[in-house]
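**Student:** Following is a predicted model, sequence given first.
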Amino acid sequence: MDKRLHDRTFVRTFFTTPTAEQGEDDSAKKLRSAIGLRGMQAPDVWVPDNEDATAPNMRDEGAENIADVVAEDGDDFPGEIHPRVVWHRDSPETRYKGFQHMLEIADPENGAIDNIDGFVIPEVGDIDDWKKADEFFTIVENEYGLEEGSLAMSVIIESGSAELAMGKLRDEMGKPTNNLERMFLLVDGEVDYTKDMRAITPTGGLPSWPELRHNTSRGASANGLIAVDGPYDDIRDVEGYNERMTDNQAKGMLGIWSLTPGQVVEANQSPLPPAEGSWLIDADGREVELETEGGVEVYNGERISLEETGSGYVLSVGGDDLEVDEDELRQELLDLLDYVPSLDDIVDSMEEFEAAKEAGKGAIAMTQSATVRIDGVEVDIAKDRMWDEATYQALQTPITLFQDVYENRPDQHDDLAELYSEDVVERAMEVGN
């Protein structure tokens, strides 16, 4: 059950686009623009959104637009295409309308089906509701002579019942009475989830729902699926968007909803290892990146100070003074410092460990060293980390992600080579195989 049943092992970006807009000469204008995106601006999964992003009175035309645009230009789109149709756990009428739109989009006579990878189902409820949606997929496939299970199904977790259903999915997938093995993405929808939970905040803003994001990531891991976080509405807040993604990645949720091509670029790059390694220091609760000057890592802030005395040093962090000798100073700084490895660093370490394994060694020590300067005082520091097979496997995740991106997104090859250099890219594609 933990084995993934689809080609992609990672999805970084889930980008939605309105399918029809009233008052435009071409109601499919935004669809035509989105399907032309390439490189880092193009998402891993594009979602022509025939639900919330499209007015109810335009959705029939929206389904027609999806079929027309994908039939015309879908061959050249570099990501996967998963339209979102209407659905609701409490409304048979809405579910039937979504089914009709699936039939319209998937009809081979309309020419789009060869480039439609699946559909996204919103507002699902308990596991029986998921099975209702799956049955509609199966009917569509049989109606048009498609292989059962060939259309992927993704759901948006927007209710407490859907959240609980993730825990039951493992027992249902693989039963002969359903085709739930078609499941692909689990996507959080925090806005409707907040409404369903009847949650209130003093400002009226959305709660962060870290528990939901953890549960979705866990549900994806348990069932061989992929977890994607919901939309980040403040499209100007690039720093906040990146902080959200960093927090998600620590939960195993490497994908996020993107609302603009700019957010797509940020989300495509965020989970990839950095091109340059960097040292971070805990400056009284605030993480600060040190600046590299002539091979020395320099702290230029005001929360940490360092003074050399006749008998040792005085290290001040947030106003707390600590008198230390040289060895104690090194240890204190090591406790404050962390290193963020570059892709090149990760590849170097993995290559070194693979060579050690070939030589019959089960574990080796990897050393990270630097010269740190605070208030003009320079200190040489070094930390060792033991690498064994478990460490190697854990650190392989960013490499596996990189390899998945490279294999599935040839339109990003030039961007990756420019970011990392062709040599690093070639080595990253070889290591771990």
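**Tutor:** Structure received.
**Student:** For the helix or strand harbouring Ala355, which outside residues touch it?
**Tutor:** Using DSSP states H and E, Ala355 sits within helix 343-358. Helix 343-358 is contacted from outside by 272-275, 277, 341, 364, 366, 387, 389, 391-392, 395-396, 398-399, 402, 420, 424, 427-428, 431-432, using CB atoms under 8 Å, 6 or more residues apart in numbering. In this view, the C-beta of every residue, glycine as well, is placed from N, C-alpha and C.
**Student:** Now list the buried members of those residues.
**Tutor:** Burial by neighbour count, judged by 16 or more other CB atoms under 10 Å, picks out 272-274, 277, 341, 364, 366, 387, 391-392, 395, 398-399, 402, 420, 424, 427-428, 431-432 from the contacts of helix 343-358.
**Student:** re earlier: after the helix holding Ala355, next one along is what?
**Tutor:** Following helix 343-358 in sequence order, the next helix or strand is strand 364-374 (DSSP H and E).
**Student:** and that following strand, what does it pack onto?
**Tutor:** On a contact count with 3 or more CB pairs under 8 Å, 6 or more residues apart in numbering; DSSP states H and E, strand 364-374 meets strand 296-299, strand 304-308, strand 337-340, helix 343-358, strand 377-387.
**Student:** Please identify the helix or strand for the residue with the largest distance to the centre of the chain.
**Tutor:** The C-alpha centroid of the chain is most remote from Gly310, which lies 51.7 Å away (CA atoms, centre = their mean). Taking DSSP H and E as the definition, Gly310 sits outside all helices and strands.
**Student:** about what we covered before: can you put the helices and strands packed on strand 364-374 in JSON lines and add mean pLDDT?
**Tutor:** What follows is these, written out as JSON lines (pLDDT from 0 to 100):
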{"stretch": "strand 296-299", "mean pLDDT": "96"}
{"stretch": "strand 304-308", "mean pLDDT": "95"}
{"stretch": "strand 337-340", "mean pLDDT": "93"}
{"stretch": "helix 343-358", "mean pLDDT": "92"}
{"stretch": "strand 377-387", "mean pLDDT": "90"}
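**Student:** Surely Ser305 is in contact with Ile374?
**Tutor:** Yes. Here Ser305 reaches Ile374: they are 6.9 Å apart, a contact under CB atoms under 8 Å.
**Student:** gap between the closest residue to Gly318 other than its chain neighbours and Leu31?
**Tutor:** Spatially, and ignoring its direct neighbours in sequence, Gly318 is nearest to Asp284 (3.2 Å; CB to CB, 6 or more residues apart in numbering). Distance, Asp284 to Leu31, using CB to CB, to the nearest Å: 50 Å.
**Student:** Compare those two and say which is more crowded by neighbours.
**Tutor:** Leu31 (26 against 15; other CB atoms under 10 Å).
**Student:** How much space separates the more buried one from Ile113?
**Tutor:** Look at Leu31 and Ile113: by CB to CB, they are 16 Å apart.
**Student:** Only the buried residues of stretch 282-298, if you could.
**Tutor:** Applying 16+ other CB under 10 Å to stretch 282-298 flags 282-283, 288, 290, 297-298 as buried.
**Student:** which one among these gets closest to Lys251?
**Tutor:** Asp282 (21.4 Å; CB to CB).
**Student:** what helices or strands is the helix or strand containing that closest one leaning on?
**Tutor:** Per DSSP H and E: Asp282 is located in strand 278-283. On a contact count with 3+ CB pairs under 8 Å, 6+ apart, strand 278-283 meets strand 286-289, strand 296-299, helix 326-336, strand 337-340.
**Student:** Go again with 10 Å.
**Tutor:** For strand 278-283, the contact count by 3 or more CB pairs under 10 Å, 6 or more residues apart in numbering; DSSP states H and E identifies strand 286-289, strand 291-293, strand 296-299, strand 304-308, strand 313-317, helix 326-336, strand 337-340, strand 364-374 as packing neighbours.
**Student:** who wins for proximity to Asn178 among these?
**Tutor:** Evaluated with CB to CB, the helices and strands packed on strand 278-283 place strand 337-340 nearest to Asn178, the distance being 43.8 Å.
**Student:** could you list every residue that touches the closest residue to Gly255 other than its chain neighbours?
**Tutor:** The spatial neighbour of Gly255 that comes closest, neighbours along the chain excluded (CB to CB, 6+ apart), is Val228 at 3.8 Å. With contact set as CB atoms under 10 Å, 6 or more residues apart in numbering, Val228 has these partners: 11-14, 44-45, 154, 156-157, 184-188, 216-217, 220, 248, 253-258, 267.
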